[in-house]
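*Asks:* coordinates only, sequence not included:
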């Protein structure tokens, strides 16, 4: 592994892991805000109500060109029996000199094998993304580079397809998704840029409940970037408390760790740092409204800023078409 001498460069490499040149909606911890549809297309229409979710994420307050992301998603079941689902996602992502806007539409099909909840789902996203690379502030005179033209590259639109599958069995669930399943040649950075933007995501969890209206949901998520073989895993736990005539209050904790690290030279010795996030989350469901706040803290010796990563999620549920399942399954109830 290459040894890097500048800690800030190490931090940039660590933080940028699993965004892979912003290949679409980056996989953060927003899926824990009752928003699994954002990363798994097979969840479109799986719940008993239509859902709208608006998220806003800001990193490193007070820093110029800090990463920020906004997403707006909607999904609902189709027909009285709910065998099909439809969804749509719009997003705006900016990270330094690079930004992207995009939209996705989703179709999902659900097969219930009988019983209360025994549901197999398949989903597909079709999306269009426009990437913009602003090179006007690059110092091309002092640091000449034949690939840098000193212009705004804003005509790079490409299409992608995500494929996913979910299975719910009473209190258990699992999801598998391939993001950017079809090769795309963006050529925003160079003519030899790889067309392999695939990312594999697997999630699983189980929810325990008791008669006092308390539910505990441990879960995990694994992701791998196909081109670079970078891998990371999330270990999560959420606790829900049902309140009579009110809704739910809930909170949780997520820990993300990468499998690979970056080596750097500090104080004459070689150090290695891996991506590690600790993310507490708080949420409230009042009738058909939902609010959640997450804060991600980056651990390790090399840090750019101590302000962390802030995210707010607002949601509304409506057009409920069926009775709730008799199970501990908050994602679909």
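*Replies:* Now that the structure is in, tell me what you want to look at. Since this is a predicted model, take the numbers as computed values, not measurements. Numbering: from 1, shown residues only.
*Asks:* residues in contact with the closest residue to residue 322 other than its chain neighbours?
*Replies:* Closest residue to residue 322 apart from its sequence neighbours, by C-beta to C-beta, 6 or more residues apart in numbering: residue 48 at 5.3 Å. Where you see a C-beta, it was placed from the backbone N, CA and C, and this is true even at glycine. By C-beta atoms under 8 Å, 6 or more residues apart in numbering, the contact set of residue 48 is 320-325, 332-333.
*Asks:* residue 233: which of those is nearest?
*Replies:* Within the contacts of residue 48, proximity to residue 233 (C-beta to C-beta) peaks at residue 332, which comes in at 24.0 Å.
*Asks:* helix, strand or coil for the closest residue to that closest one other than its chain neighbours?
*Replies:* In this structure, residue 332 finds its nearest non-sequential neighbour in residue 47, 4.8 Å apart by C-beta to C-beta, 6+ apart. For residue 47, the secondary-structure state derived from DSSP: H, G, I helix; E, B strand; the rest coil is coil.
*Asks:* how much space between residue 47 and residue 157?
*Replies:* 32 Å (C-beta to C-beta, to the nearest Å).
*Asks:* looking at those two, which has the bigger crowd around it?
*Replies:* residue 47 (27 against 13; other C-beta atoms under 10 Å).
*Asks:* would you confirm that that one contacts residue 329?
*Replies:* No. Counting by C-beta atoms under 8 Å, residue 329 is not a contact partner of residue 47; they are 9.4 Å apart.
*Asks:* the longest strand along the chain: partners in the sheet, and parallel or antiparallel?
*Replies:* Looking across the chain with DSSP state E, the single longest strand is strand 247-266. Sheet neighbours of strand 247-266, with direction, are listed as strand 3-4 (parallel), strand 231-243 (antiparallel), strand 269-286 (antiparallel) (DSSP bridges).
*Asks:* isn't residue 110 up against residue 84?
*Replies:* Yes. The criterion here is C-beta under 8 Å, and residue 110 meets it with residue 84 at 7.1 Å.
*Asks:* mutual contacts of the two, please.
*Replies:* By C-beta under 8 Å, 6+ apart, the residues touching both residue 110 and residue 84 are 45, 77.
*Asks:* these two: who's more crowded?
*Replies:* Taking neighbours as other C-beta under 10 Å, residue 110 and residue 84 compare with residue 110 leading, 24 against 15.
*Asks:* low-confidence ranges in this protein?
*Replies:* Applying pLDDT under 70 to the chain flags the ranges 1-23, 61-62, 139-143, 145-147, 149-150, 153-155, 183, 185-193, 302-307.
*Asks:* not counting its neighbours along the chain, what's nearest residue 207?
*Replies:* The shortest distance from residue 207 to any non-neighbouring residue, by C-beta to C-beta, 6+ apart, is to residue 328 (3.9 Å).
*Asks:* could you check which helix or strand contains the one you found?
*Replies:* Using DSSP states H and E, residue 328 sits within no helix or strand.
*Asks:* and it, how many neighbours does it have?
*Replies:* Using other C-beta under 10 Å as the criterion, the residues surrounding residue 328 number 19.
*Asks:* that one touches residue 171, doesn't it?
*Replies:* Yes. The pair formed by residue 328 and residue 171 meets the contact definition of C-beta under 8 Å, at 4.6 Å.
*Asks:* for residue 327, see how far away the residue nearest to residue 322 is.
*Replies:* Applying C-beta to C-beta to residue 48 and residue 327 gives a distance of 12 Å.
*Asks:* cool, residue 318 as well?
*Replies:* Taking C-beta to C-beta as the measure, residue 318 falls 22 Å from residue 327.
*Asks:* what about the two, which has more around it?
*Replies:* More neighbours surround residue 327 than the other of residue 318 and residue 327, with 18 against 10 (other C-beta under 10 Å).
*Asks:* ok, the more buried one - contacts?
*Replies:* Here residue 327 is in contact with 116-117, 170-171, 207, 333 (C-beta under 8 Å, 6+ apart).
*Asks:* ranking by neighbours, what's the top pick from those?
*Replies:* For those, neighbours tallied by other C-beta under 10 Å; top is residue 207, 21 neighbours.
*Asks:* now do that residue against residue 300, distance only.
*Replies:* Distance from residue 207 to residue 300, by C-beta to C-beta: 32 Å.
*Asks:* cool, residue 250 as well?
*Replies:* Residue 250 is 29 Å from residue 300, by C-beta to C-beta.
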